[in-house]
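> fold the stuff below for me.
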Amino acid sequence: MRHGLDFIIDPDWSPEQALAVFELVDDLRDRIWSHYERVLQQKLHDDRVPRLCLDSTEPPF
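Residues are numbered from 1 along each chain as shown. Take a look at the predicted model:
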């Protein structure tokens, strides 16, 4: 499965431009996290922890 979006990054960016974009994205990430922290933690947990479908009629071994 693939995550994220394809972006074309201009190969002619200066290091200063690249850093400015990096800092912008980092600040945006921090703002989103501070607003949605609890629901994001739950979503990340749900996505990473496998769900076990246990048949209650079968022995657990």
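
> just say helix, strand or coil for the one residue sitting closest to the centre of the chain.
The centre of the chain sits closest to L44, judged by CA atoms, centre = their mean, with a distance of 7.5 Å. Assigned by DSSP: H, G, I helix; E, B strand; the rest coil, the conformation of L44 is helix.

> now do the helices in this protein.
15-48 (DSSP state H).

> point out where it drops to low pLDDT.
For the chain, the stretches flagged by pLDDT under 70 are 1-2, 53-56, 59-61.

> switch to 50 and redo it
Applying pLDDT under 50 to the chain flags residues 1.

> how near is the residue nearest to the centre of the chain to W13?
The spacing between L44 and W13, counted by CB to CB, to the nearest Å, is 31 Å. The way it works is simple: take the backbone N, C-alpha and C, and place the C-beta from them, glycine included.

> check contacts around P15.
Not one residue lies near P15 by CB atoms under 8 Å, 6 or more residues apart in numbering.

> nope, R29 is what I meant
R29 touches nothing, counting by CB under 8 Å, 6+ apart.

> going forward can the numbers begin at 366, since that is how I track them
Noted, 366 is the first residue going forward, which turns the last one into R394.

> and it, how far is that from E388?
As judged by CB to CB, R394 and E388 stand 11 Å apart.

> again, but for D371
22 Å.

> what do you get for P376?
For P376 relative to E388 (CB to CB), the value is 20 Å.

> okay, those two: which has more neighbours?
Neighbours were counted for P376 and for E388 using other CB atoms under 10 Å; E388 has more, 10 against 5.

> and the gap between that one and E423?
Separation of E388 from E423 (CB to CB): 54 Å.

> what of L384?
57 Å.

> got phi/psi on G369?
Phi and psi for G369, reported as degrees, to the nearest 10, are phi 90, psi -180.

> picking up where we left off before, give me the more crowded residue out of L384 and E423.
Counted by other CB under 10 Å, L384 and E423 do not tie: L384 has more neighbours, with 11 against 7.

> residues touching that one, list them.
With CB under 8 Å, 6+ apart, L384 has no contacts at all.
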